[in-house]
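Trainee: structure, please.
(one chain, ligands or ions: 1)
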Amino acid sequence: MAPNQRVLAAYRAMMDLGLSNIKVKPVLKRLIQLYDKNWELIEAENYRVLADAIFEEEENEVVEPSSRRNKIDKGDLEEEPLTHDEPVRPLKRLRLRGQEVQASQSLAACNPSFGESSLKRPKIEEDALPETCPLQKPQYTALSSPSDVGHARTELHPVLVRHGIVDKGKQPMSPQVSPRGARFISERASQAVRFKEPRVEPGIMLLPENKVPDIHALIKPKDEPVDELPPYELPIAVIKPDPLSNGDAQKKNDSNEKQEGHDTPEPQCRDEVRGDDIQDSAMEGIPDGNLEEFCSNVEIASSPSGEEGSVEARQTLDKLKNDTVCGALDVIGNKEDLGRPSCVSNGTLSVPCSAALAALQIHVLLPPLTALNDCGQETKKVMENDPESDDSKLLEDPQNADSQIVVVVPQYQLTPHDFNDLTKGEERVRIPWVNEINNKYPPPFHYIPKNLVFQDAYVNVCLSNIGDEHCCSTCLGNCLLSPTPCACAYKTEGGFAYTSEGLIKEEFLEEYIAISHSPQRHLFYCKDCPVERPKNNDCLEPCKGHLKKKFIKECWSKCGCSKHCGNRVVQRGIACNLQVFYTSDEKGWGLRTLEDLPKGAFVCEFAGEVLTSKELYQRNMLCTESGKCTHPVLLDADWVSGFLKDKETLCLDAASFGNVARFINHRCLDANLIEIPVEVETPSHHYYHLAFFTSRNVAALEELTWDYGIDFDDQDNLVKSFWCQCGSKFCGNMKRLNRSSRVSNAR
Ligand SMILES: C[S@@+](CC[C@H](N)C(=O)[O-])C[C@H]1O[C@@H](n2cnc3c(N)ncnc32)[C@H](O)[C@@H]1O
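Mentor: Modelled structure (predicted):
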């Protein structure tokens, strides 16, 4: 009779787990019988039932070697050809303190009946553990209190460890690579490959090839053959730039603790893989269902040189061999498919060798530990207060050793930012950030793609306020293609401002550039300036002037045209590839383009909290006291219209809530961006969108700059004064040094 393909497939699946046919055959027979040849049940979840049953069988053999020898009826299997037993693929062992203690335990120790065990959480007795564990045992991970680890009746769950991937689930599962797990591997692999690209990746520094750490040495447990490792060649260990790296990371951390007035976490360095360097909040916040993003934002600790880290890892592994305190004890309760560290030795770790895990930072928390899932902070406290908890003590005390815990710390917990997308998905495009200069992270702020009203500002977005003259309700499709200009075209003096390519028309652009170059002729002065009014001085300071600008009117929701109408550019949001980067010329963070931009291209709008000028004033007062500053712009392009009530004098502050424009630095006069007021949803020009367009062709990687229009000689600027480093030949600071005045820019 021809071999039953299903049986063969089952053998193959078990073979993949290192389970020989001899072990599989009797169990499979029983299952076939038990399930009345219902193969679907056996094949479900990659033969989960079968694998579990085999492990169960093994456990029972250890506990009652002969009691479980059931008579095997002759059945399907008699006809199945048995291939010879192949060498068993060693899966990882879980070791506790020098002796190889099997932490993997039967799923059926409390539940010997076939079929049921795979669906239940087993309870096991520690003293039922055999002295040694068969190599092909699955690992288990403790999901209960870590203090239970190694003690009786610890709840254990199987962990998949294969090719360096450690997997786990809430429910017992067979140690089979799940399809999900496989996807995970390939995703990580592709990410690792992506690191190979010689372009600047967000938030990471590529190591020169000869500096690439030996990741195999770094992450390979001793008892895992090298040829089991995935063939990743390139830095799956991501190293942050560390200009101060002289071996004293602690000093470096201290000196860099604060930046730009914010407490910011430091990029993690080699020292952090040591057990005595405990991190906060280790267990929280692994993003659900967003593993790829999670993994792309974590890094494995290593030395800046890479080689150093490898050496240390090797030493650690040697030590591991001699006096192993090793436990693949997973403490991150209910997140699935995350790679897990496998072994810990004396406060230093080794990590399963996979690209997936290479993206994880791992820390060893020394005992005593309680309530690990929500006590990263508490744990740290315990450790800090426990100077005795060093490695040697741990080895002396088996209880302590048993309660040693590996904690996977996702990098993004340490850094509140996403390297790949500073916008947190709020924009149509990702906007990565990179720092090739120092260890700083971008300042914390809430990314908002559109303005949000803070409190008193009156932004009247009201359909009934939009009359026929302010919309083109009868238009269809693309208004730019219409033979007769629509109402919106009329609202922008001179017709539509955009070309069919979505650029600002040359003549418009030149007009705006001319205004910003010679603002004197376009300034107007109010009698009762809303900027001065909140100051409540006895004698009001005179208005410093506001630059009147022409508005672009975009079609909007009350119009009949489509969202893709050529007269809707700003409202569609950022479309070009931008990057926030740390500037090399002492301006802090800046924004640059990653692609060539033609003249007149929309880059982004300035989004922030909408405040009244009075609120801004109050905020500035508070900021002065606290040392923080606002990032404000006045929406004053149409204040010419006479006396304005407070609620009508609006401005934007992007310091706490803002978009990427908050990173655009100032450049005196010859900036490559120009700001243009754009009316979208409100015909009243008290509120509008301040949109940035390129004032010339801008090459990829050029910094994007904007002339803030501040008078550097005026200490009363809304924008806090700074020593301009723009480098422009028109720079106000340079002119002041020359005792000449800057080109007039009186705002
Ligand atoms: C809107 S923020 C721009 C982003 C800022 N560089 C950062 O790191 O967040 C404005 C601040 O950037 C700095 N800045 C902008 N342009 C500058 C320039 N040309 N020279 C020096 N500092 C500048 C000043 O500290 C200014 O207050």
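
Trainee: my read: residue 688 touches residue 551, true?
Mentor: Yes. The pair residue 688 / residue 551 is scored as a contact, 6.6 Å apart, by Cβ atoms under 8 Å. Every residue, glycine included, has its C-beta placed from N, CA and C.

Trainee: these two: which is more packed in?
Mentor: Ranked by neighbour count (other Cβ atoms under 10 Å), residue 688 and residue 551 place residue 688 first, with 27 against 19.

Trainee: contact partners for the more buried one?
Mentor: Applying Cβ atoms under 8 Å, 6 or more residues apart in numbering, one finds that residue 688 lies in contact with 551, 635, 637, 638, 677, 678, 679, 680, 682.

Trainee: going by neighbour count, which of these comes out on top?
Mentor: residue 635 (24 neighbours).

Trainee: can you report how many residues lie near residue 486?
Mentor: Neighbour count of residue 486, defined by other Cβ under 10 Å: 23.

Trainee: mind starting the numbering at 40 from now?
Mentor: Got it, the first residue is 40 from now on, which makes the last one we talked about residue 525.

Trainee: ok, it to the ligand distance?
Mentor: Note on residue 525: its distance to the ligand, by Cβ to the nearest ligand atom, to the nearest Å, is 36 Å.

Trainee: how about the contacts made by that residue?
Mentor: Contact analysis of residue 525 by Cβ under 8 Å, 6+ apart lists 511, 513, 514, 518, 594, 598, 600.

Trainee: mind picking the two most distant members of the residues you listed?
Mentor: 513 and 594 (11.8 Å; Cβ to Cβ).

Trainee: neighbour count for the two, which is higher?
Mentor: Set residue 513 next to residue 594 and count neighbours by other Cβ under 10 Å: residue 594 wins out with 28 against 11.

Trainee: sec struct for residue 70, please.
Mentor: When classified by DSSP: H, G, I helix; E, B strand; the rest coil, residue 70 comes out as helix.

Trainee: model confidence for it, exactly?
Mentor: Residue 70 is assigned a predicted lDDT (pLDDT) of 86.

Trainee: could you list the low-confidence segments of the stretch 490-639 of the chain?
Mentor: The stretch 490-639 of the chain contains residues with pLDDT under 70 at 576-578.

Trainee: can you list the residues of it near the ligand?
Mentor: Taking Cβ under 6 Å from any ligand atom as the contact definition, the stretch 490-639 of the chain meets the ligand at 626, 627, 628, 629.

Trainee: rebuild those residues as a markdown table, extending it with distance to residue 610.
Mentor: A markdown table is the format used below for these (distance: Cβ to Cβ, whole Å):
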| residue | distance to residue 610 |
| --- | --- |
| 626 | 30 |
| 627 | 30 |
| 628 | 26 |
| 629 | 26 |
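
Trainee: closest residue of this structure to the ligand?
Mentor: residue 627 (2.6 Å; Cβ to the nearest ligand atom).

Trainee: count of neighbours near that residue?
Mentor: 16.

Trainee: hang on, it packs against residue 621?
Mentor: Yes. Counting by Cβ under 8 Å, residue 627 does reach residue 621; the two are 7.2 Å apart.

Trainee: quick one: common contacting residues for those two?
Mentor: The overlap between the contact sets of residue 627 and residue 621 (Cβ under 8 Å, 6+ apart) is empty.

Trainee: how about the residue nearest to residue 700 when sequence neighbours are not counted, what does it touch?
Mentor: Closest residue to residue 700 apart from its sequence neighbours, by Cβ to Cβ, 6 or more residues apart in numbering: residue 645 at 4.2 Å. Taking Cβ under 8 Å, 6+ apart, we find residue 645 in contact with 672, 691, 693, 697, 698, 700, 701, 714, 729, 730, 731.

Trainee: 10 Å instead, please
Mentor: Shown in contact with residue 645 (Cβ atoms under 10 Å, 6 or more residues apart in numbering): 490, 670-672, 674, 691, 693, 697-701, 703, 714, 728-731, 745.

Trainee: could you flag which of those are buried?
Mentor: For the contacts of residue 645, a burial check counting by 16 or more other Cβ atoms under 10 Å picks out 490, 670-672, 674, 691, 693, 697-701, 703, 714, 728-731, 745.

Trainee: from these, which land in helices?
Mentor: In helices, judged by DSSP state H, none of the buried ones among the contacts of residue 645 are found.

Trainee: doesn't residue 459 belong to a strand?
Mentor: No. Applying three-state DSSP, one finds residue 459 to be coil, outside a strand.

Trainee: hmm, residue 468 and it touching each other?
Mentor: No. Applying Cβ atoms under 10 Å as the test, residue 459 and residue 468 come out as separate, 11.3 Å apart.

Trainee: of those two, which one has the most company?
Mentor: Using other Cβ under 10 Å, the more surrounded residue of residue 459 and residue 468 is residue 459, with 19 against 16.

Trainee: from residue 589, how far off is the more buried one?
Mentor: 38 Å (Cβ to Cβ, to the nearest Å).

Trainee: got the contact list for the closest residue in space to residue 568 that isn't next to it in sequence?
Mentor: The shortest distance from residue 568 to any non-neighbouring residue, by Cβ to Cβ, 6+ apart, is to residue 582 (3.5 Å). Residue 582 is in contact with 562, 563, 564, 565, 566, 567, 568, 569, 570, 571, 572, 678, counting by Cβ under 10 Å, 6+ apart.

Trainee: nearest to residue 659 among those residues?
Mentor: The closest of those to residue 659 turns out to be residue 570 (Cβ to Cβ; 10.8 Å).

Trainee: residues contacting the closest one?
Mentor: By Cβ under 10 Å, 6+ apart, residue 570 lies in contact with 580, 582-583, 585, 652-653, 655-656, 673, 675, 678, 688, 690, 755, 757, 786.

Trainee: wait, residue 649 sits on residue 500?
Mentor: No. Counting by Cβ under 10 Å, residue 649 stays clear of residue 500, with 11.2 Å between them.

Trainee: so which of the contacts of residue 570 sit within helices?
Mentor: Those of the contacts of residue 570 lying in helices (DSSP H): 652, 653, 655, 656.

Trainee: that concludes my questions; thank you for your assistance.
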